[in-house]
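Undergrad: Attaching a predicted model along with its sequence, questions to come.
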Amino acid sequence: MVKNSTDNTARRNMVLDSLKRKGPQSAHDLAEQFDVTPMAVRLHLYDMEKEGLVASENRSVGRGRPLKIWNLTEDANRVFPDAHQTLAVDLIGTMNKLFGNQGLDKIIEAHGARQKSDYFSRLKDTTSLEDRVKALAKIRTDEGYMAEALQDASGWLLIENHCPICSAAKACAGLCKNELEIFQEIIGPDAIVTREDHILAGARRCTYRIIEL
């Protein structure tokens, strides 16, 4: 009984993780990933739907029956790392009242400088653009961003499937602007870093395009 409960929890977490990383999917798509039956996946999805973690929509596929596609709800963010967002938002509001916008900007700048120094230290042994992008993805994953480095015909993509500081970033847009600048410095002058998708703009994830010069 304990083993079954553990297995169910693990599979449930895998479903959540896959929906977070890959976006909307059918029960059949999810079942293929985990080598289980679609019905086994649906049981988890129905339970999570009752909890408000997932929702579904019917999509027309040819002339057949509509396909039920599952996606995470906004409430699902509570099951992923949040980096103490309530505390962070409160602190940002307090600092803004005490020091004003300029003071808050200086605090963000100082935070960015510490973050950049840490990143440079951890990437000091990388020798190629590929090494730097993959190492940066590992660092960001360690920080809760569920990041991955992918290569396509145009170059590299740094994809962050989760934002553990989303609420704080909404309260202080400078945090996101600061991160993009840090990524550019970390990647170096031999490549250009641009943001293609942005969670705060309504995208499912943040995506950074890295093109070698």
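TA: Cool, got the structure. Residues are numbered from 1 along each chain as shown.
Undergrad: how is the chain carved up into domains?
TA: The chain breaks down by automatic domain parsing into domains covering 2-79, 85-212.
Undergrad: Show me where this protein has its helices.
TA: 2-22, 27-34, 38-50, 85-122, 129-142, 166-171, 174-187 (DSSP state H).
Undergrad: Return the distance of the fifth one from the chain's centre.
TA: Spelled out, that is helix 129-142. A distance of 14 Å separates the centroid of the chain from that of helix 129-142, by Cα atoms, centre = their mean, to the nearest Å.
Undergrad: what packs against that helix?
TA: Counting contacts by 3 or more Cβ pairs under 8 Å, 6 or more residues apart in numbering; DSSP states H and E, helix 129-142 is packed against helix 85-122, strand 147-152, strand 155-160, helix 174-187, strand 206-212. Every C-beta, even on glycine, is put in place using the N, C-alpha and C of the backbone.
Undergrad: about what we covered before: just put the helices of the chain in CSV and tack on mean neighbour count and distance to Glu148.
TA: Formatted as CSV, the helices of the chain follow (neighbours: other Cβ atoms under 10 Å; distance: least, Cβ to Cβ, whole Å):
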stretch, mean neighbour count, distance to Glu148
helix 2-22, 14, 8
helix 27-34, 17, 16
helix 38-50, 16, 23
helix 85-122, 14, 17
helix 129-142, 18, 6
helix 166-171, 19, 18
helix 174-187, 18, 15
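Undergrad: Farthest out from the centre of this protein, which residue is that? Tell me.
TA: Distance from the centre of the chain peaks at Arg63, with 35.3 Å (Cα atoms, centre = their mean).
Undergrad: separation between Arg78 and Cys166?
TA: Relative to Cys166, Arg78 is positioned 12 Å away (Cβ to Cβ, to the nearest Å).
Undergrad: thinking again about what came up before, wait, which of the helices of the chain is closest to Glu160?
TA: In terms of Cβ to Cβ, the element of those nearest to Glu160 is helix 129-142, at 6.1 Å.
Undergrad: Now tell me which of the helices and strands packed on helix 129-142 the model trusts least on average.
TA: Lowest mean pLDDT within those: helix 85-122, at a mean of 78.
Undergrad: re the thing from before, any chance of the helices and strands packed on helix 129-142 in JSON lines, with distance to Arg21 too?
TA: Output for the helices and strands packed on helix 129-142, formatted as JSON lines (distance: least, Cβ to Cβ, whole Å):
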{"stretch": "helix 85-122", "distance to Arg21": "20"}
{"stretch": "strand 147-152", "distance to Arg21": "8"}
{"stretch": "strand 155-160", "distance to Arg21": "8"}
{"stretch": "helix 174-187", "distance to Arg21": "20"}
{"stretch": "strand 206-212", "distance to Arg21": "12"}
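Undergrad: any idea how far Lys116 is from Gly155?
TA: 22 Å.
Undergrad: For stretch 152-167, list every residue counted as buried.
TA: By neighbour count on 16 or more other Cβ atoms under 10 Å, the buried set for stretch 152-167 is 156-167.
Undergrad: Return the closest of those residues with respect to Asn71.
TA: Closest to Asn71 out of the buried residues of stretch 152-167 is Asn161 (13.2 Å), distances taken as Cβ to Cβ.
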